Each structure stands twice: as structure tokens, then as C-alpha cells.
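Peer 1: Sequence below, structure please.
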Amino acid sequence: MLVKIYGSAIHGVAAQTITIEVNVDTGGVGYHLVGLPDNAIKESSYRISAALKNVGYKIPGKKITINMAPADLRKEGAAYDLSIAIGILAASDQILAENIHDYVIMGELSLDGSLQPIKGVLPIAIQAREEGFKGIILPLQNTREAAIVDNLEVYGVENIREVIDFFNESKPIERVILDTRKEFQEKINDFPFDFSEVKGQETAKRAMEIAAAGGHNIILIGPPGSGKTMLAKRVPGILPPLTLKEALETTKIHSVAGKMGTETSLMTVRPFRSPHHTISDVALVGGGSYPQPGEISLAHNGVLFLDEMPEFKRTVLEVMRQPLEDREVTISRARFTVNYPASFMLVASMNPSPSGFFPDDPGNTSSVYEMQRYMNKLSGPLLDRIDIHIEVQKVEFEQLTEKRKGEKSSDIRERVLKARSIQNERYKSLAISYNAQMGPKEIEAFCGLDDTSFNLIKLAMEKLNLSARAYDRILKVARTAADLEGSQNIQSHHISEAIQYRSLDRGFWNV
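Peer 2: A predicted model of the protein is given here:
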């Protein structure tokens, strides 16, 4: 008897339905699995055999042929165990199969018949709904993630016995229903850190506010203990809240990477990723034999924090150039190409010298040559892609012991939201939504300068020997400063402030 059962394969951050054809033939004995399965799927026969035996069923001693279509697409992982097992039982008339084609069935089997959670549940559920399936049957740990997809019945099971009883109509499975919008709204402002906890550093806070308002990349330069990491961790709290569309995009990436917890259904706050400086280039941008999203994709719609940026390998930093411009990563292999979104805000930190101090600080012991070699770890083209360079000075004792609390993140966020609303209105007919995304056409259209501002930026270009990309960055940052002020036009003090945020272009380490 031939039975068709449905699973799903992940390709990038999207899913593709897999038809699993199971044919049980009385004219022979054997177990044949075809359709480009990987080793984990080939080994499934041992898990399925033990699991079925432990719940009172068995693989029939007949010729079993299993085809996973489309046959030219490589299938990976143990998530097809449950699909294949149910297909074998249905094809051998051990269970009823009248409505088995209405469901996508996925799950990894343990030897006792229990189910282990799988990756990529959200894109699988979305694809199932788009293709008109009635429902999806998954391990219980994955059901909250799948339940955020409406118009799809989601059933969670702990053991294959529950799936068998469900199709035999002897015992129903309780459907999982989740109010996505209610849960999203309840947790949208759940932040562990607040800017009110930061002592002093008013200039750095202002720079962070501008960066958040315009979506600009920023690098913090200062001695150890000046609060660079503390400031960076508080950036998600002043960024605009995720929209439901952004939350779904972000959740899909984390779902594919297997980063979603069993109690989490939807990511409600912007991600904050802080990889260690020993990370490889593949781990940062994504890839591998079986491509997976890297840290920059996991930071999509959020913040990527690179602490002590010069300590990262130069090759690792250089692979970020293209994603910083294009806001996506393309992973190419001989047989396929995968695109991962990577629209993130880069926040980096570094010491001003190998000794950790500015050149004119008493504690600086680094020579000019050592400082030049230290700075050469960061290439000019990469630094050009960072809009704001801000010096973070050591916090004085009086500021550190001050009892008065600083400004709350919620107050800063209000100003950021007002600036973002101005930008949303400005770019409503374009394919961008905030200032950092502006291209040459948008800069020309929305960053007009008066004579005073023009002469000021001309002087800065000549004195600091700035690149054309740095010129664009200054205009973008000035546009954001004007938006925060509610000014329709860029004024000279906006340009002046933006120029001050190009510390690394001034080359003061070599003085």
C-alpha cells in the first residue's frame, strides 16, 4: 500500500514542503530510503524501529520503500522520524490514514517513543498554512512557536502513541491556541537594563540617542571601565519597539538556528548579540556545510555588539563590509544559494591604544608605532561604514558617587520614536524607513545644506582628509540630529555635531 505523508525542509529562513511517499510491498523484504537524505535521516530506521516496538507496534517484515520528494533537494536532520514512522504504520494498515494528508507531521523520535524538539518550526508552520494544510503535528515543546500562525490547527504531542491514537480517532489531542497580539503587547517593553543606571557620560548618551534615532552604526572609544559595554547593553531599550512583522522575521531566523526557548513563542524585543572576539568568519556571517544563520543574521532588526573590536581577527571584521551595506548575507554553494537577512545596528567598542588609554593620558605607555599597529587592525573601509565614532572618557569620582539618577531609557525612547515617525513619513513612498538606509539619491533630496553648513563640511573634508563615504555619513547623522530637534532643514550646528562624531578620522592617536 502506498501512503503520502507531509513534512517540511528549511531553506534559508523559508520552508519547503516535503512529500514522504511510503510504499509497503509484500513481494520482498528490505528497507529502502531515497530522496537525498543525510546520515541523520538514514539512521532513522533504528530510532523508528525501537520507538514503535516500545509503544506496541513494529516495522513490518516486508519491502518498504520511502521516497522523499522533491528528490533533488537534500534533506537534513532527524526531524522526519515521526513523519516516516507514521507513514510506515499507515502504509502497513496498522493505523487509519483517512485524513493523514491534511497535516504536516514533524518530530525527532527517542527510542522510547517520546519526541524531541526540532528547529525551524515557525517557517514550517507558515508554509503549511500557505499551502492549505489543516494543521500541524509537532513535539509539545515547539507548539507555542507554531501557534503564533493563525488559521492553522497546532497539535503538540509528547509521544508517538498520542499521534497513533489521534489518527485512529481513539483519543483526541488538545489543540494549542495562542493570542499572539496579546502576548506580543505584554512583553514589548520588557528590558533588563536602563540608561538611568549609567553615571555621567552625557556626551556618549547623546551619541547613542542619535544612533538609535537614525539606525546608525556606532563605535565607542575609551579606556577600560569607562562604561562602554554598559552603554551598549542599554541600546535595545531606546530603539523603537518591534512591529509584529519585524518580530515574525526575527523569530523565523532564531527558529531556524534553534535559538528559541520552549517557553518562547514570539520574539518581542530587539535581539542583542555579543559574540566573543575569537569567533570565526563563518560563525559571524553564517554558512557551513549545511548553511546556518550567523551572528549578524541573529542580530537582524536588533543590535550586534562587538566588544574590543580590534581583538577580532581582521578577516572576521572584513566579511562584515558587504552585509553592512546590503543588509543581507548571501551564502553560495555549488548546488544552491541561501539569503539571510542582516539588517542590524552595529555597536562596537575599543580601547584607544594597546595600553588602554588615550595618547595624552598619564597612564598611556604605548608608543606611536604600537598605536598605529593597533589601529591598523581596523581597515579604513570598515570604519567608513560606521557613522558615529564617540570618545568615552573615564568617569570622575564625583559623577560616580552622585545620588541623582540619570535620564530613563523610556524618556530617551520617546524622542527616538518622534524622530523615527518623522523619518517614516519622509520615506513612506520609498523602500527605506530610517536615515541610515539613505542612498545617494535620498541624501541629495533630503540633506540640502545652506552656505554656512556647506562651508563647514567642506573645511572638515579638507582638514581631516575624509572619504566620500565619510561625507555621506556626516550628512546622514546631521539629518538625524535635525530630526531629533524637529528641524525641517539641516543647520550648521547639526553638521558641526556630526563632524565631532568622526573621531577615528582625525588620527589623534598619532599625535
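Peer 1: Show the contacting residues for the closest residue to Thr337 other than its chain neighbours.
Peer 2: Nearest residue to Thr337 in three dimensions, chain neighbours excluded: Thr330, at 6.3 Å (CB to CB, 6 or more residues apart in numbering). Quick note: C-beta positions are derived from backbone N, CA and C, even for glycine. Residues counted as contacts of Thr330 (CB atoms under 8 Å, 6 or more residues apart in numbering) are 337-339.
Peer 1: what do you get for Glu308?
Peer 2: The contact partners of Glu308, by CB under 8 Å, 6+ apart, come to 277, 349-351.
Peer 1: what do you get if the cut-off is 7 Å, keeping everything else the same?
Peer 2: Counting by CB atoms under 7 Å, 6 or more residues apart in numbering, Glu308 touches 277, 349-350.
Peer 1: so how far is Ser349 from it?
Peer 2: According to CB to CB, to the nearest Å, Glu308 stands 6 Å off from Ser349.
Peer 1: Any idea how many residues pack against the closest residue to Tyr434 other than its chain neighbours?
Peer 2: If you skip the residues right next to it in sequence, Tyr434 has Gly215 as its closest partner in space, 4.2 Å away by CB to CB, 6+ apart. Close neighbours of Gly215, defined as other CB atoms under 10 Å, add up to 22.
Peer 1: do Ile432 as well
Peer 2: Residues near Ile432, counting by other CB under 10 Å: 15.
Peer 1: Return the distance of it relative to Leu244.
Peer 2: 20 Å.
Peer 1: likewise Glu295?
Peer 2: For Glu295, the distance to Leu244 - CB to CB - is 24 Å.
Peer 1: Residues contacting the helix or strand harbouring Arg47, please?
Peer 2: Under the criterion of DSSP states H and E, Arg47 resides in helix 44-54. For helix 44-54, contacts defined as CB under 7 Å, 6+ apart pick out 31, 58-59, 78, 80-81, 84-85, 109-113, 160.
Peer 1: Isn't Phe357 up against Gly363?
Peer 2: Yes - counting by CB atoms under 7 Å, Phe357 touches Gly363, with 4.6 Å between them.
Peer 1: between those two, which one's more packed in?
Peer 2: Phe357 (19 against 11).
Peer 1: Show me the strands in the stretch 201-350 of the chain, by range?
Peer 2: Ranges of strands in the stretch 201-350 of the chain, per DSSP state E, counting those that start in this stretch, are 218-221, 272-273, 286-287, 292-293, 303-306, 328-332, 337-341, 345-350.
Peer 1: Okay, now the unreliable bits of this structure?
Peer 2: 183, 186-187, 262-263, 505-511 (pLDDT under 70).
Peer 1: could you redo the last one with a cut-off of 80?
Peer 2: 179-191, 261-265, 289-290, 333-336, 358-364, 368, 395-405, 503-511 (pLDDT under 80).
Peer 1: how many neighbours does Asp93 have?
Peer 2: 12.
Peer 1: show me what contacts it?
Peer 2: The contact partners of Asp93, by CB under 7 Å, 6+ apart, come to Met1.
Peer 1: cool, Val157 as well?
Peer 2: For Val157, counting by CB under 7 Å, 6+ apart, the contacting residues are 115, 137, 139-140, 163, 173.
Peer 1: Pipe those residues into TSV and attach distance to Leu382 and secondary structure per row.
Peer 2: Shown next, in TSV, are the contacts of Val157 (distance: CB to CB, whole Å; DSSP: H, G, I helix; E, B strand; the rest coil):
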residue	distance to Leu382	secondary structure
Leu115	45	strand
Ile137	47	strand
Pro139	43	strand
Leu140	45	helix
Val163	52	helix
Ile173	52	coil
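Peer 1: From the centre of this protein, point out the most distant residue.
Peer 2: For the chain, the residue at maximal distance from the C-alpha centroid (CA atoms, centre = their mean) is Gly27, at 51.2 Å.
Peer 1: Got the phi and psi for it?
Peer 2: Torsion angles at Gly27 (phi, psi; degrees, to the nearest 10) stand at phi -90, psi 50.
Peer 1: Just to check, it is in contact with Lys62?
Peer 2: No - in this structure, Gly27 is not within contact of Lys62 by CB under 7 Å, at 8.3 Å.
Peer 1: part of a helix, is Lys4?
Peer 2: No - Lys4: not assigned to a helix; according to DSSP: H, G, I helix; E, B strand; the rest coil it is strand.
Peer 1: State the distance from it to Asn455.
Peer 2: Applying CB to CB, the value for Lys4 to Asn455 is 73 Å.
Peer 1: Also Ala15?
Peer 2: 56 Å.
Peer 1: picking up where we left off before, output the contacts of Glu308 as JSON lines; include the columns neighbour count.
Peer 2: Listed next are those as JSON lines, based on neighbours: other CB atoms under 10 Å:
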{"residue": "His277", "neighbour count": "13"}
{"residue": "Ser349", "neighbour count": "22"}
{"residue": "Met350", "neighbour count": "23"}
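Peer 1: Pull the number of nearby residues for the residue nearest to Gly61 when sequence neighbours are not counted.
Peer 2: Spatial nearest neighbour of Gly61, excluding adjacent residues (CB to CB, 6+ apart): Val29 at 5.9 Å. Number of residues near Val29 (other CB under 10 Å) recorded here: 11.
Peer 1: again, but for Met106
Peer 2: 28.
Peer 1: wait, it sits on Phe133?
Peer 2: No - if you go by CB under 7 Å, Met106 and Phe133 don't touch, sitting 11.8 Å apart.
Peer 1: Run through who's touching stretch 122-131.
Peer 2: Residues contacting stretch 122-131 (CB under 7 Å, 6+ apart): 8, 10, 13-15, 17, 104, 106, 136, 145-146, 149, 151-152, 251-252, 255-256.
Peer 1: buried subset of these?
Peer 2: When the contacts of stretch 122-131 are checked for burial by 16 or more other CB atoms under 10 Å, the buried set is 8, 10, 13-15, 17, 104, 106, 136, 145-146, 149, 152, 251-252, 255-256.
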